[in-house]
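Student: have a look; sequence and predicted model below, questions after that.
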Amino acid sequence: MREGWVKYLIMVIVIYMGTMCRKPYEPPAIKASNHFVAVDGFINMSPFSSTTINLSRSRNLLDSVTDLPELNAQVLIVGAGGEMFPLADTGTNGNYVSALLNLDPNQQYQISVTTSDGNKYLSDLVTPKIAPPIDSLSWELVDDPAVGTQVVNIYVNSHDPTNNTRYYRWDYLETWQHQSTFETFWALKNGVETPIDASENNHNCWTTAHSTSIILGTSIALNEDVISTARVANFLKDDPKLDIDYSILVRQYPLDADAYKYWLTVQKNSQSLGGLFDLQPSQITGNMHSVTNPANIAFGYISASSVQEQRIFISNKNLPEWKSNIGISCPVDEIQSNPADPLIWTYYDTSKQLWYYVSGPPPTMKITNKPCLDCRYQGGTSIKPTFWQ
């Protein structure tokens, strides 16, 4: 019995010592402090249009910040003939914007970036491409067995009769309408409940967002340069974006073969699910290079092209039984009005607001949570977009 106990004690000691000697492995890539320059954007060749370039720094795995904008840089569009067009720093987000320009489509262009630390980067000279028009945008409501529910698919159709495009990229701006749970015609101004009309309340809001996925298409395998029903977006049943009215503005960019390969690599690396049989991550090389120190890595691919765009609307009225179940707690309480002046708000709970008056007797207030009366708590703005139907 004693011999068995001694063996057990030895085994515990060995395991303990093995654990104490184990050190966490931190690969050099995780602990590296490099923050490489990333350049995102394109040279806009559409007549009298501005170009926007975003500069940022790559993040390491141990970084706690979510964004590293590159500020106080000098950014230029440079023509092959030596012309230079500056881009202005817009503030704190790393966006640099040019004035309205009418660039020569028969001249090559590149982007020059000089960062605040004195390092200079140049993109390769690129030949501008002219975007063919979008023929149409369409949408359909279908049952998708892959997800087990209805979906709305949005498609783009295009063609280039000159057969000079072949490679396409799309992105979009989407805008959707949403509402507060209740509509009120009262607002608190200087401590007094004041009547307002429908144009002043915050019952209707609109939120706009940029697409986050990389959407590509090619007709290189076809005899004609035709893009037919390329899906640019889709929504599962009861998506809250489609609760009322939804609009999508699709923008079309032509690419050359090198730009298409770059964006295809980015797409595969960023949108893969990481399954066993997925393509392995590959190095993303663009056409940005360091002039000051060739060993400095720069990410990004600069193209020069015009842009074509088209907008469609989708109404919830055309989506039978589509309605999200996302809601907020909206309990309604009834309290007595201030006897001295029923319009003075003296309620102790500042998270509540007046919904409407009950004439009484005695006069009372129906109150509820502020987010139930103000759609801006959901995001967006109560100012209707100029393009809204």
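Tutor: Perfect, I can see it now. Source: prediction; values computed, not measured.
Student: so which residues of the stretch 51-200 of the chain form strands?
Tutor: 52-57, 74-79, 84-89, 95-98, 109-114, 120-123, 134-144, 149-159, 167-179, 186-189, 192-195 (DSSP state E, counting those that start in this stretch).
Student: nearest to residue 351, of these?
Tutor: Each of these has some distance to residue 351 by C-beta to C-beta; the shortest is strand 186-189, at 12.7 Å. In this view, the C-beta of every residue, glycine as well, is placed from N, C-alpha and C.
Student: from the chain's centre, how far out does the closest one sit?
Tutor: 34 Å (C-alpha atoms, centre = their mean, to the nearest Å).
Student: so what are the sheet partners of that strand and their directions?
Tutor: Here strand 186-189 has these sheet partners by DSSP bridges: strand 192-195 (antiparallel).
Student: which residues sit against the strand it pairs with?
Tutor: Contact partners of strand 192-195, identified using C-beta atoms under 8 Å, 6 or more residues apart in numbering, comprise 185-188, 343-345, 354.
Student: so residue 209 belongs to a strand, correct?
Tutor: Yes: assignment of residue 209 by DSSP: H, G, I helix; E, B strand; the rest coil places it within a strand.
Student: I'd say it and residue 173 touch.
Tutor: Yes: using C-beta atoms under 8 Å, residue 209 is in contact with residue 173, at 7.4 Å.
Student: ranges for the helices of the chain?
Tutor: Using DSSP state H, the helices of the chain run over 2-20, 28-31, 257-271.
Student: let me see the mean pLDDT of the longest one.
Tutor: The reference is to helix 2-20. Mean pLDDT, computed over helix 2-20, is 58.
Student: likewise stretch 369-388?
Tutor: Mean pLDDT, taken over the full extent of stretch 369-388, equals 96.
Student: how far off centre is it?
Tutor: With C-alpha atoms, centre = their mean as the basis, stretch 369-388 stands 19 Å off its chain's centre.
Student: contacting residues around that stretch?
Tutor: Stretch 369-388 is contacted by residues 175, 177-184, 201-208, 245, 247, 311, 328-331, 351-353, 355 when judged by C-beta under 8 Å, 6+ apart.
Student: buried sites along that stretch?
Tutor: By neighbour count on 16 or more other C-beta atoms under 10 Å, the buried set for stretch 369-388 is 369-375, 380, 382.
Student: which stretches of the stretch 201-350 of the chain have low pLDDT?
Tutor: Across the stretch 201-350 of the chain, the ranges flagged by pLDDT under 70 are 271-283.
Student: residue boundaries of the strands in it?
Tutor: 204-210, 215-218, 226-236, 245-255, 288-290, 298-299, 304-305, 308-315, 333-336.
Student: show me what the second one is packed up against.
Tutor: Pointing back at strand 215-218 there. strand 167-179, strand 226-236, helix 257-271 (3 or more C-beta pairs under 8 Å, 6 or more residues apart in numbering; DSSP states H and E).
Student: what does the fifth one give?
Tutor: Using 3+ C-beta pairs under 8 Å, 6+ apart as the contact criterion, the neighbours of strand 288-290 among helices and strands are strand 120-123, strand 298-299.
Student: check the first one too.
Tutor: The elements that strand 204-210 packs onto, with contact taken as 3+ C-beta pairs under 8 Å, 6+ apart, are strand 167-179.
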